[in-house]
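Undergrad: generate a structure from the sequence data that follows.
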Amino acid sequence: MRPKEQRDSDDRVSIRPAGNGEWIAALSGRWTLDRPAIDAVSLLPAEGHAVERLRLEDAGLGIWDSSLILFLIGLTDQAEARGIAVETGGLPPGVRRLLDLATRTPQRADARREPLRLGSIERIGIGFRAVLGTAGAISTFLGELVLALARLFSGRARFRSSELALFVQQCGAEALPIVTLISVLVGLILAFVGAVQLVAFGAQIYIADAVGIGMLRQMGALMTAVIMAGRTGAAYAAQLGSMQVNEEIDAFKTLGISALDFLVLPRTLALVLMMPLLTLYADVLGILGGVLVGVGVFDIPVTQYLNQTREALSLSHLGVGLFMSLVFAVIIAMAGCYHGLASPRSSAGVGEAATKAVVSAIVGIVVADAIITLVTTELGI
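TA: Okay, here's the model as predicted:
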């Protein structure tokens, strides 16, 4: 007796025997995702039937989408799991192509692996290689910047003078309020810190020496550089990172315009021009902050305080501070522009580039400050 033909509730598929161990699955009707899914397992003949092949045929297919492909994949997997060969020659060509595409590359057994667990030595090696790679990229960027400066002095660099004027305004006049506040507070702090020890010996007049030398030689340039790193360095990285996201940097390259000449050079020049002036401004305000403490708290006469300051200071102190400011300006410009140009092309990448620019600039400033201080101390400057 032949087994009874099997159908689902909406007659989209029927499976019937055709003799000689072959069964036919006839597909018809509309197969769309808004219709109920069909369980492929329930349609296959029971285990007791001798089934060797299952032939899929088109019995009047209407509109179909991915739901049909999903059903056929499930039916094919269940049939092959029971050792039943599946023939798809009777299906429409479009269905066969999609089914073949979906099953052509099976997932490897080892496709999902556990994450590689590295030991401490491997982590140190990977970190060291990353540091070397970053150092090499920064060295390359520095070399390209030097070549851009050479093109500038030879008259071959191309950038707009209006851009340079805009960056000078942003690095100079617009930075004065925050530099004013920080410089006065640093002068006050230096005066109070020095007074704690000097007052015990009745030598509060030397507060003027501590504040004056500290501001001219170190704190004026250092604090101005930290302010500009957080303010201007981050702005440079964000601006160039946004241009990278919008593919404006690629447009410059396509037009044959050097991004270093047009974008990096004016920003660097603006910082190099403005940092010494801002440092001088910070030095004066820091000394005035010390005057406020010395005159207002410790009753030192203004004339005596200023005379003591003048005697304590020398051109060498001023020269060291201004030299530091130039070095810091180059470090800030390089950090901001390098991380901006290397920014990933996403909004999150722009924020990450700005953060890296500030951190790199501050680290570079502190390292350069330590090196210059050691060298000038050894040379007796």
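Undergrad: what sits against N20?
TA: Listed by C-beta atoms under 8 Å, 6 or more residues apart in numbering, the contact partners of N20 are E52. Heads up, the C-betas are built off the backbone N, CA and C, glycines and all.
Undergrad: please read off the pLDDT at it from the model.
TA: pLDDT, N20: 77.
Undergrad: where's it relative to S14, distance?
TA: Plainly put, N20 is 19 Å away from S14 if you go by C-beta to C-beta, to the nearest Å.
Undergrad: can you list the domains in this protein?
TA: What automatic domain parsing lists as the domains of the chain is 6-103, 128-379.
Undergrad: ranking those domains by mean pLDDT, which is last?
TA: Ranked by mean pLDDT, the domains of the chain end with domain 6-103 at the bottom, a mean of 77.
Undergrad: pretty sure D261 contacts R160?
TA: No: using C-beta atoms under 8 Å, D261 makes no contact with R160, being 10.8 Å away.
Undergrad: these two: which is more packed in?
TA: Set side by side, D261 and R160 show more neighbours around D261, with 20 against 10, by other C-beta atoms under 10 Å.
Undergrad: ok, the more buried one - contacts?
TA: So D261 contacts 148, 151-152, 157-159 (C-beta under 8 Å, 6+ apart).
Undergrad: gap between the longest strand anywhere in the chain and the chain center?
TA: Longest strand of the chain, by residue count under DSSP state E: strand 53-64. Put simply, strand 53-64 sits 53 Å off its chain's centre (C-alpha atoms, centre = their mean, to the nearest Å).
Undergrad: what does stretch 249-268 give?
TA: The chain centroid and the centroid of stretch 249-268 are separated by 20 Å under C-alpha atoms, centre = their mean.
Undergrad: and if you look at stretch 332-349?
TA: Relative to its parent chain, stretch 332-349 has a centroid offset of 7 Å by C-alpha atoms, centre = their mean.
Undergrad: same for the longest strand of the chain, what does it pack against?
TA: Strand 53-64 sits against strand 13-19, strand 22-31, helix 66-81, strand 85-90, helix 93-103, with contacts defined as 3 or more C-beta pairs under 8 Å, 6 or more residues apart in numbering; DSSP states H and E.
Undergrad: can you spell out which helices and strands pack onto the last one?
TA: Which is helix 93-103. On a contact count with 3+ C-beta pairs under 8 Å, 6+ apart, helix 93-103 meets strand 53-64, helix 66-81, strand 85-90.
Undergrad: for F298, find the nearest of the ones you listed.
TA: F298 lies closest to helix 66-81 among the helices and strands packed on helix 93-103, at 83.6 Å (C-beta to C-beta).
Undergrad: any idea how far the closest residue to L260 other than its chain neighbours is from V13?
TA: Once flanking residues are discounted, L260 sits nearest to A148: 4.4 Å by C-beta to C-beta, 6 or more residues apart in numbering. Distance, A148 to V13, using C-beta to C-beta: 71 Å.
Undergrad: equivalent analysis for V359, please.
TA: 63 Å.
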